[in-house]
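In: coords below, sequence missing:
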């Protein structure tokens, strides 16, 4: 049987490709033979992506500094990709934005006082940015009559954040609630996926969502003490835990799969 997971020669655009997950995805796609075009807000200063990409595979990596909420930035990246490599086959909408734990108090305060500008900024990246990338890169794929789009969702787009996980912040004297904007934006991604799966089916462009849980990144031990009992597998994810889904969804192994949501969360949403 031919290797249905082989990505040789396929051009894949990865947004947010220099982040914790994006680097892993990009490197593992390159390892399966893909040519990866990273679109990120920051310049790439290490073409090995932290040692994940062998030096002799550097010709399979292209990087662009771009704002995914800017159609002109995305169109400029697409023109460069098509000039050098041809039309993209795959798109991983991985770029995301959330209010960090050290954000201004107003962003992590009660819902009733949550600032509009924060809501607009986070929805712009997570939902509008995904929409624009699908229009620009997905549109090129539809014109070519093939391709696969993977939209990265979140458990907090499926279930509401458990505010009890952050009780330790309030016990320290702060006012902290997981904000609403990220959840609202990620929820919108699911129906965008379904819409495009139906819309582009005849063009043989498949569109799926992956739902991820939290990734370990030296979180506060008090957070982990609350979070881990909610995960049947008993740990947070590592970036490599999600790469297999990317390879699968961008390869012929999933050629009859579209409009679906693949949940990879250690069981978080099962209980």
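Out: Received it, and whenever you're ready, just let me know what you need. Here the structure is a predicted model, which is why all the values come from computation and not from measurement.

In: now for whichever helix or strand residue 117 is part of, which elements pack on it?
Out: Following DSSP states H and E, one finds residue 117 within helix 116-123. When contacts are defined as 3 or more C-beta pairs under 8 Å, 6 or more residues apart in numbering; DSSP states H and E, helix 116-123 sits against helix 181-199. Bear in mind the C-beta positions are built from the backbone N, C-alpha and C, glycine included.

In: and the angle for the following helix or strand past the helix it packs on with helix 181-199?
Out: Using DSSP H and E, the helix or strand that directly follows helix 181-199 along the chain is strand 205-212. Calculated by axes from the mean of the first three to the mean of the last three C-alpha atoms, to 10 degrees, strand 205-212 forms an angle of 150 degrees with helix 181-199.

In: quick check: which ranges of this protein have low pLDDT?
Out: 1-2 (pLDDT under 70).

In: in it, which spans are strands?
Out: 11-15, 35-40, 61-65, 90-93, 147-154, 205-212, 261-264 (DSSP state E).

In: just to revisit the earlier point, and the helix holding residue 117 with helix 181-199, angle?
Out: 40 degrees.

In: would you enumerate the residues in contact with residue 97?
Out: 121, 122, 125, 126, 182 (C-beta atoms under 8 Å, 6 or more residues apart in numbering).

In: could you measure from the fourth one over to residue 161?
Out: The one in question is residue 126. Taking C-beta to C-beta, to the nearest Å as the measure, residue 126 falls 15 Å from residue 161.

In: repeat that for residue 25.
Out: Applying C-beta to C-beta to residue 25 and residue 161 gives a distance of 25 Å.

In: and the residue lying closest to residue 128 once chain neighbours are set aside, what are its phi and psi?
Out: Excluding its sequence neighbours, the residue lying closest to residue 128 (C-beta to C-beta, 6 or more residues apart in numbering) is residue 69, at 5.7 Å. Main-chain torsions, residue 69, degrees, to the nearest 10: phi -90, psi 10.

In: can you list phi and psi of residue 107 for me?
Out: Backbone torsions for residue 107, taken as degrees, to the nearest 10, come to phi -70, psi -30.

In: so it touches residue 114, yeah?
Out: Yes. If you go by C-beta atoms under 8 Å, residue 107 and residue 114 touch, sitting 7.2 Å apart.

In: still on that earlier bit, what about the strands of the chain, which gets the closest to residue 198?
Out: Nearest to residue 198, of all the strands of the chain, is strand 205-212, at 8.9 Å by C-beta to C-beta.

In: tell me the buried residues in the helix holding residue 117?
Out: By neighbour count on 16 or more other C-beta atoms under 10 Å, the buried set for helix 116-123 is 118, 119, 121, 122, 123.

In: now do the contacts for the fourth one.
Out: In this case it means residue 122. 97, 98, 99, 179, 181, 182, 185.

In: 6 Å instead, please
Out: Neighbour list for residue 122: 97, 181, 182 [criterion: C-beta atoms under 6 Å, 6 or more residues apart in numbering].

In: excluding chain neighbours, what is closest to the last one?
Out: It refers to residue 182. Closest to residue 182 by C-beta to C-beta, 6+ apart is residue 98, at 4.4 Å.

In: ok, now the second one?
Out: Leaving aside its chain neighbours, residue 181 sits nearest to residue 122 (3.8 Å; criterion: C-beta to C-beta, 6+ apart).

In: please report how far the residue nearest to the spatial centre of the chain lies from residue 176.
Out: The centroid of the chain falls nearest to residue 94 when counting by C-alpha atoms, centre = their mean (2.1 Å). Residue 94 sits 27 Å away from residue 176, taking C-beta to C-beta as the criterion.

In: returning to what we had before: for the residue nearest to residue 182, give me the backbone phi and psi.
Out: phi -140, psi 160.

In: please report how far it lies from residue 52.
Out: 24 Å.

In: ditto for residue 90
Out: Applying C-beta to C-beta to residue 90 and residue 52 gives a distance of 18 Å.
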